[in-house]
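**Student:** Mind looking at a prediction? Sequence and model below.
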Amino acid sequence: MSKLVAFAAIQGGYNIVQKAEGMYSQMLEKYGSDQKLEFPNTAYYLPIIYSLLGIPVKTLADAAKPLEVARGLLPPHIKGRNHLPYLGPLLDAGMAAIFAEELVEAFRYVEDPNFYLVSEEVDLDNGKIWLGAAEDTIFRKRGIEFVDGTAPGFAAIVGAAPSPEIAKQIAEEYQKRNLYVFMAANQGGTTFALGFANRVAMSFGGIKPGDYKGNLMYNKDRVFAFVNALGEVNAEWAANAAGAINWGFPTIADTDIPEVLPTGVCTYEHVVANVIHDEIVTKSVEVRGLKTTVSSIDVPLSYGPAFEGERIRKDDLYLEIGGGRSQCVELVQMAEMGDVEDGQVELIGPDIPDMKKGDRLPLAITVQVAGRKFQEDFEPILERQIHHLINYAQGVMHIGQRDISWIRIGEQAVEKGFTLKHIGTILHAKFHQDFGTVFDKVQITLYTEKDKVGEIVAKAQDIYHARDARVEGMTDETTEIYYSCTLCQSFAPNHVCVISPERTGLCGAYNWMDCKASYEINPTGPNQPVEKGEIIDPKLGQWKGVNDFVFQASRQAIDHYNFYSIVHDPMTTCGCCECIAAVLPACNGVMTVHRDYTGETPCGMKFSTLAGTIGGGQSTPGFVGHGKYNTTQRKFILGDGGLLRMVWMPKSLKEELKEGIIRRGDELGCSDLLDRIADETVGITEEEIMSFLEEKEHPALNMDPIVG
């Protein structure tokens with residue numbers, strides 16, 4: 001290893017630690033030792049320090065210890081002319097720099113709380129773009145993308161490209177490969193990326209705070225990140241590159257910097273230099289050992305999952321469809337082989353070239369699918385994919401599904417030649433790509449004539465009702481085959497979901513029908529049939545066949561769990577769960593909280609703290625992760641009293657589940673159950689909500705003790 005590399009990294013480490021120490025002294029003098037120190041709306045304190053050192057930094061006083069550790073890690077300055085035989089001093093200097101930089105970033109939040117605030121014109125919606133440390137709501141929303149491989153890794157880009165055009169080219173190329181991109185124009189840029197990675201390890205992997213070896217190895221093996229250093233690389237950037245190597249994250253640079261090529265910590269090379277901009281994306285993917293694909297769809301726009309969640313603002317809007325201003329409906333139906341011409345895409349009615357900026361149109365998207373293996377039950381599976389597949393087109397926004405869809409098409413997309421007919425092109429290509437094993441032909445017809453769209457809406461609504469009734473009629477008792485879901489094992493090795501008709505997956509993305517279709521499409525995939533076998537406990541929901549499967553699939557970590565209980569050996573929980581329920585003993589009931597709610601809860605923990613405590617594939621009596629929809633399914637914690645035990649949930653979740661709670665309340669003989677459930681407007685402690693529950697005569701108060 002070149003001494004020049006080590007000298008630069010070590011000098012950079014000294015510079016960064018010295019800067020942090022100077023700022024710390026100023027902060028203490030200005031604010032005092034009790035000053036709160038945090039990244040807003042995150043539950044892992046300062047995540048790099050917390051995960052690797054086990055030190056929860058809450059105040060300025062708490063920052064003294066990690067700063068001392070950083071200073072202690074700095075190795076002696078390099079002397080002499082011989083090469084260094086090992087990476088040790090380089091890695092120590094890099095780690096010292098990372099610890100110090102995380103503290104400096106926390107100091108910034110105190111000194112300038114509005115540093116990362118931006119105007120409404122900047123698109124920060126849906127977690128695809130954010131400034132500063134990612135809040136836990138963003139982190140959780142993205143969870144399923146990490147575990148199912150949709151987002152196979154991320155790039156931390158520091159420095160500046162020679163031109164905006166080159167920067168845009170590199171970023172979009174990573175997006176096409178579905179990689180997240182962290183960008184910073186200063187040497188502290190990788191801190192956010194490394195903090196994000198460590199939070200993945202704690203949340204999804206169940207790695208405990210302070211287990212530095214486990215966290216770093218988890219990141220090397222499961223979180224596929226790397227650093228791109230653009231432009232002049234100074235000593236501080238060299239220290240950051242050295243720090244990233246500790247995680248197994250290599251640095252690929254566009255300048256002539258000293259390289260560290262031998263393998264050792266990283267999968268392949270550690271630092272690679274002189275990579276031209278046209279090749280830096282492919283070289284980075286190669287060096288990190290990533291397997292990525294680029295979707296090739298014959299449309300005039302960039303296309304890929306990284307563009308999902310893009311918002312089309314009013315000033316950029318060219319055409320609007322649905323969203324309450326016109327009708328928009330999507331319908332997939334099975335058809336006879338002879339009635340479908342594969343690849344036919346037809347538009348009946350006006351298209352974008354016939355419209356002017358600001359116009360609105362109705363739209364019906366109808367899809368006919370034929371194939372020997374295709375089943376009627378697969379129709380809603382494909383139908384739900386329309387939302388994602390349209391959203392993957394850059395410059396096109398899609399919200400909702402069924403007959404409440406809303407599409408916005410941006411002016412830039414229109415300028416590039418995008419038309420409504422291209423929606424059909426996308427659906428044909430992606431349906432074949434993703435579901436081609438279960439059908440042979442697919443044709444798409446789009447209608448934009450108002451009367452015809454209205455006619456299709458009425459037809460579709462009848463079909464939706466029939467489908468819902470069919471699924472609602474399924475029960476766990478009458479179904480002998482359940483399905484596993486082990487997608488999350490890429491991050492939580494011991495976690496195994498088993499999904500039944502009356503217990504959807506805890507991430508909210510998979511129900512029994514989805515898993516059935518997934519198995520048909522990919523027989524060796526993460527959704528495998530599980531014969532439930534002999535019943536062990538009908539009240540709590542436990543079967544011998546399920547236990548046997550879970551024992552094998554969890555690598556012998558879990559030998560049994562119950563589907564219908566939060567108190568007695570509940571199902572394991574992964575960090576990507578939509579909701580977490582917790583027992584409230586003083587209220588003789590339970591609460592639940594969804595990942596979009598960032599406030600305090602009556603169990604004393606925010607969502608992210610709960611997820612960090614019980615996630616990672618653990619079965620934790622008194623707590624259980626679950627999907628939103630599962631809350632109103634008939635078997636929800638039935639072994640402990642069911643939905644009548646629900647005493648608190650955030651107001652936004654109550655509103656979202658309103659119809660389901662009312663329906664289940666009626667079935668349970670408590671028609672006003674929704675009004676008896678407290679929320680944060682009532683209180684956020686058991687003591688605060690108790691008087692409300694007594695006033696409303698909540699049924700949980702008269703039930704048998706939930707614990708005891």
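**Tutor:** Yep, that arrived. These numbers come from a predicted model, not from an experiment.

**Student:** In CSV, list the C-alpha atoms belonging to stretch 296-314.
**Tutor:** Taking Å, rounded to 0.1, in the frame of the first residue of the first chain, the C-alpha atoms of stretch 296-314 are listed here in CSV:
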residue,chain,number,x,y,z
SER,A,296,-35.1,-1.7,-21.5
ILE,A,297,-38.5,-0.4,-22.4
ASP,A,298,-39.3,1.2,-25.8
VAL,A,299,-40.4,4.6,-24.4
PRO,A,300,-38.7,8.0,-24.9
LEU,A,301,-38.1,8.4,-21.1
SER,A,302,-35.7,7.0,-18.6
TYR,A,303,-37.4,4.1,-16.9
GLY,A,304,-36.8,2.3,-13.6
PRO,A,305,-38.0,1.9,-9.9
ALA,A,306,-35.8,4.8,-8.8
PHE,A,307,-38.2,7.2,-10.5
GLU,A,308,-41.2,5.9,-8.5
GLY,A,309,-42.5,8.5,-6.1
GLU,A,310,-41.5,11.5,-8.4
ARG,A,311,-44.0,14.3,-8.0
ILE,A,312,-45.2,16.4,-10.9
ARG,A,313,-45.8,19.9,-9.5
LYS,A,314,-48.4,22.3,-10.9
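
**Student:** In that stretch, which residues are buried?
**Tutor:** In terms of neighbour count (16 or more other C-beta atoms under 10 Å), stretch 296-314 has its buried residues at 297, 299, 301-310, 312. Just so you know, the C-beta spots here come from the backbone N, C-alpha and C atoms, and that holds for glycine as well.

**Student:** same question, stretch 21-35
**Tutor:** So, applying 16+ other C-beta under 10 Å, buried residues of stretch 21-35: 21, 23, 24, 27, 31.

**Student:** Pull the contacting residues for the second one.
**Tutor:** Okay, so that is residue 23. Shown in contact with residue 23 (C-beta atoms under 8 Å, 6 or more residues apart in numbering): 103, 104, 107.

**Student:** host element of it?
**Tutor:** helix 3-31 (DSSP states H and E).

**Student:** How far away from the center of its chain is that helix?
**Tutor:** Centroid separation between helix 3-31 and its chain, computed with C-alpha atoms, centre = their mean, to the nearest Å, is 34 Å.

**Student:** repeat for stretch 492-512
**Tutor:** That offset, for stretch 492-512, works out to 16 Å (C-alpha atoms, centre = their mean).

**Student:** I'd assumed residue 479 was in contact with residue 499.
**Tutor:** No: applying C-beta atoms under 8 Å as the test, residue 499 and residue 479 come out as separate, 10.8 Å apart.

**Student:** so what sits against both of the two?
**Tutor:** Common neighbours of residue 499 and residue 479 (C-beta under 8 Å, 6+ apart) are residue 512.

**Student:** Which of those two has more residues huddled nearby?
**Tutor:** residue 499 (25 against 13; other C-beta atoms under 10 Å).

**Student:** which other residues reach the one helix or strand that one maps to?
**Tutor:** Counting by DSSP H and E, the element that carries residue 499 is strand 497-499. Contact with strand 497-499 is made by 482-486, 488, 505-507, 510-512, 515, 527, 530, 546, 549-550, 563, 571-572, 574, as judged by C-beta under 8 Å, 6+ apart.

**Student:** Can you pull out the low-pLDDT segments for the stretch 301-450 of the chain?
**Tutor:** Counting by pLDDT under 70, the ranges of the stretch 301-450 of the chain that qualify are 309.

**Student:** just to revisit the earlier point, for the buried residues of stretch 296-314, give me CSV that also has secondary structure and distance to residue 199.
**Tutor:** Compiled in CSV, the buried residues of stretch 296-314 are given as follows (DSSP: H, G, I helix; E, B strand; the rest coil; distance: C-beta to C-beta, whole Å):
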residue, secondary structure, distance to residue 199
297, coil, 33
299, coil, 35
301, coil, 32
302, coil, 29
303, strand, 29
304, coil, 24
305, helix, 21
306, helix, 20
307, helix, 24
308, coil, 22
309, coil, 20
310, coil, 24
312, coil, 30
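
**Student:** Alright, that wraps it up for me.
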